[in-house]
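Visitor: Got a predicted structure plus its sequence, pasted below:
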There are 2 protein chains.
Amino acid sequence: MTETASRPTLEAVAARAGVSRATVSRVVNGGEGVREPLVERVRKAVEELGYVPNQAARSLVTRRHDAVAVVIAEPETRVFADPFFALQLRGISKELTAHDSQLVLLLTEGPEDYARVGRYLAGGHVDGALVFSLHLDDPLPALIQGAGVPTVFGGRPGWADGTRGDATTVYVDSDNRGGARDAVRHLVGLGRTRIAHITGPLDQTSAVDRLDGFRDVMVDADPRLIVEGDFTPAGGERAMRELLGRCPELDAVFAANDVSASGALRVLRELGRRVPEDVAVVGFDDMLPVAEQSDPPLTTVRQDIEEMGRLMARLLLRGLERRAPDEPGDQGPAGTPSSVVLPTTLVRRASA
Amino acid sequence: MTETASRPTLEAVAARAGVSRATVSRVVNGGEGVREPLVERVRKAVEELGYVPNQAARSLVTRRHDAVAVVIAEPETRVFADPFFALQLRGISKELTAHDSQLVLLLTEGPEDYARVGRYLAGGHVDGALVFSLHLDDPLPALIQGAGVPTVFGGRPGWADGTRGDATTVYVDSDNRGGARDAVRHLVGLGRTRIAHITGPLDQTSAVDRLDGFRDVMVDADPRLIVEGDFTPAGGERAMRELLGRCPELDAVFAANDVSASGALRVLRELGRRVPEDVAVVGFDDMLPVAEQSDPPLTTVRQDIEEMGRLMARLLLRGLERRAPDEPGDQGPAGTPSSVVLPTTLVRRASA
DNA sequence: ATGAAAGCGCTAACAT
DNA sequence: ATGTTAGCGCTTTCAT
């Protein structure tokens, strides 16, 4: 706990440099249209006084905050079950930093926090919001879009159906469906015929999209070969046992993410099934600590999570630039960035 | 991207309610000293207009921000190698939320970002800072303490030696040394005599403290039984091979964290050593996804990471309250919270 | 108990 | 090119 000294103001700097406040302001904000000798004098005064602009005062007049909110609604497990968000945050942080914007993190534990988030966003503290909309039925995203804050979503929100031309909702997502297709096609290419799927929680679009991808390839898949998981190791274990019970002769499994694949792997090992000889396994995510360290290492679908974060931030900032600095109302589709779906790549390791 | 409507001001609410701005302000800030009928009228006007206070304007006069910066300096790996920070953030977020404070996340990729962080903190955007000081030689913490912002550190900073009475630096840490002692004593209690230690990176106080704890019990430990790791699975593997090469007859290993323990486990399995029969293994952290899912499940030292985060925030906020709302200068040791070291507990599972 | 008025520190017209 | 000035929206004395 150190002391809070009262900071020098523009006024003080102006006095010291023997110029007006306006001139100091100009210098501080880039020095356009100020002659060199004056710039010099002001810089010196700023330096000597240790002047730092008061952001509150500045925001009050500019109505800009150089801050972006990141909203993560996750009642429980997942935030720390996998490093997904940490990576995404990293990407976001890098991009925001490059644009001198700050990252305000809004974590919610449940619906009781939503009002607070809505209030904050509506309160005009930030220039925009990056929102992770995980569950189909979650009211938060809608609430946020209602708050009148420019927003980019991480992952396709439930109401955006992925068809082109949906200009009102901007999101960044991986090509979950295409990635799943690649994974399943890989298994087919290996000569596997009884291919099972452990899904994610089907109230999340990523899980639904991966299931759709699975179905794209296995057009008339035996319904017994599809079991709902929940993106956790325990869920993967449970699902694997279920599958084996239903259909002992299966020869491949596509798990909707790496951690559930690791659970499946554990069950297969326990039951003496060799991987990949008896059962080939493919995951999704390429979460390194999981995929690379599992036994055997996991063949999986890689998505560049950090890049997704970076892109979300970039899209938001670009949209912010486009709108007139002060003018309310958006610029229409012309200036509005549209959603981006990033490609995935299959990473071959030992499990399939 | 939704449109940004221009928000109603205090003035507008006052007009609508037929009162002065001052009265509206009083109602909005708790309604002390305003008679019921008026309070009612104002509340109604606020509701109808959807008024939300402009925080910039408020901060400009109150000099409070109701925001706290969380600074995480982590060039690379660790932030996403384990869920440590996610948990800590969660704890911090919960506590801040309860006090209506916002969390501003400052991530740094390297020393080139330090100036930016320093500037931000010095700029008076936040009421205080929560700083994770991971490396002994990191200049960031000092820089921050110099910025004149009330700060609480996560993990003992290198310069704080842990002796009582160091009132200038406030930190929250686990009892790394005590926890390590418990772990090693447990192994001794199991009858193990050739106990090895895989340390963490010794430029971090947590790793040093755990090593000290190990030495407290193994007073004259064979130096060959101590190998430096780096808190990663790969480091754990490397260290385990090294140990086995140096001293094949070892019968126990205390790894400085769970992920390096999991690496060690993998090597032991690969080399046909049974755990715990041939070699007992104890980790540190009780990182559930790792400790519980490893094979065999890991006996480890649990620290309540989320609680650490919560406590950091609580300490900071308490310190903030103590100082006069506006008055510069701190209140001296009397009002200054002091550091807290949280106890750890040994969790017995199958590995030792 | 309520209102009037004075700024908080800054930017952005507008004047010079 | 530089200075002057009028607010941005709010809280907070100080009157009433």
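Guide: Great, that's in hand. Residues are numbered from 1 along each chain as shown, chains lettered A, B, ... in the order given.
Visitor: Hmm, A:Q102 is touching A:A67, no?
Guide: Yes - in this structure A:Q102 lies within contact range of A:A67 using CB atoms under 8 Å: 4.2 Å. Heads up, the C-betas are built off the backbone N, CA and C, glycines and all.
Visitor: More neighbours: which of those two?
Guide: It is A:Q102, of A:Q102 and A:A67, that has more neighbours when counted by other CB atoms under 10 Å in any protein chain shown, with 23 against 20.
Visitor: show me the contacts for the more buried one.
Guide: Applying CB atoms under 8 Å, 6 or more residues apart in numbering or on different chains, we find A:Q102 in contact with A:H65, A:D66, A:A67, A:V68, A:L96, B:V104, B:L106, B:Y120, B:H125.
Visitor: Let's verify the fourth one: helix, strand, or coil?
Guide: Spelled out, it's A:V68. The three-state assignment at A:V68 reads strand, by DSSP: H, G, I helix; E, B strand; the rest coil.
Visitor: To what extent is it buried, counted in neighbours?
Guide: For A:V68, the neighbour count with other CB under 10 Å is 26.
Visitor: do the same with A:G178
Guide: 17.
Visitor: Around chain B, which positions in the stretch 151-300 of chain A sit nearby?
Guide: A:T151, A:V152, A:T168, A:V170, A:P233, A:V259, A:S262, A:R266, A:P289, A:Q293, A:D295 (CB under 8 Å from any CB of the partner chain).
Visitor: Keep only those of the residues you listed that are in strands.
Guide: The strands, defined by DSSP state E, take in A:T151, A:V152 from those.
Visitor: Farthest pair within the residues of the stretch 151-300 of chain A next to chain B?
Guide: Distance extremes for those: the farthest pair is A:T168 and A:D295 at 46.4 Å, using CB to CB.
Visitor: These two - which one has more neighbours?
Guide: The residue with more neighbours, out of A:T168 and A:D295, is A:D295; 16 against 13, by other CB under 10 Å.
Visitor: and the more buried one, what are its phi and psi?
Guide: When read as degrees, to the nearest 10, the backbone of A:D295 gives phi -130, psi 110.
Visitor: repeat for the one 5 residues further on
Guide: For A:T300, the backbone dihedrals are phi -160, psi 170 (criterion: degrees, to the nearest 10).
Visitor: Over to A:V301?
Guide: The phi/psi pair for A:V301 (degrees, to the nearest 10) is phi -100, psi 120.
Visitor: Would you mind measuring from it to DNA strand D?
Guide: Distance, A:V301 to DNA strand D, using CB to the nearest atom of the strand, to the nearest Å: 49 Å.
Visitor: Run through the strands of chain A in chain order.
Guide: Under the criterion DSSP E, chain A contains strands at A:67-73, A:102-108, A:128-132, A:151-154, A:171-174, A:195-199, A:226-228, A:252-255, A:280-285, A:299-302, A:340-342, A:345-347.
Visitor: gap between the two ends of stretch A:154-173?
Guide: One end of stretch A:154-173 sits 6 Å from the other (CA to CA, to the nearest Å).
Visitor: Can you point out the buried residues in that stretch?
Guide: Neighbour-count burial for stretch A:154-173 flags A:G154, A:G155, A:R156, A:P157, A:G158, A:A160, A:T169, A:V170, A:Y171, A:V172, A:D173 (criterion: 16 or more other CB atoms under 10 Å in any protein chain shown).
Visitor: in chain A, what spans have low per-residue confidence?
Guide: In the prediction, chain A carries residues with pLDDT under 70 at positions A:1-5, A:75-82, A:162-167, A:322-336.
Visitor: interface residues of chain A facing DNA strand D?
Guide: Residues of chain A lying near DNA strand D by CB under 7 Å from any atom of the strand: A:18-23, A:26, A:33-35, A:37-38, A:57, A:60-61.
Visitor: switch the cut-off to 6 Å
Guide: Counting by CB under 6 Å from any atom of the strand, the residues of chain A close to DNA strand D are A:V19, A:S20, A:R21, A:A22, A:T23, A:G33, A:V34, A:R35, A:L38, A:L60, A:V61.
Visitor: which residues touch the longest helix seen in chain A?
Guide: Taking DSSP state H as the criterion, chain A has its longest helix at helix A:305-322. With contacts defined as CB under 8 Å, 6+ apart, helix A:305-322 is touched by A:68, A:84, A:87-96, A:99, A:101, A:127-130, A:150-154, A:170, A:172-174, A:285, A:331, A:335-337, A:340, A:342, B:1.
Visitor: relative to strand A:280-285, how tilted is it?
Guide: Taking axes from the mean of the first three to the mean of the last three CA atoms, to 10 degrees, helix A:305-322 and strand A:280-285 form an angle of 30 degrees between their directions.
Visitor: Sort out which residues of helix A:305-322 are buried, please.
Guide: For helix A:305-322, by 16+ other CB under 10 Å, it's A:305-317, A:319-320, A:322.
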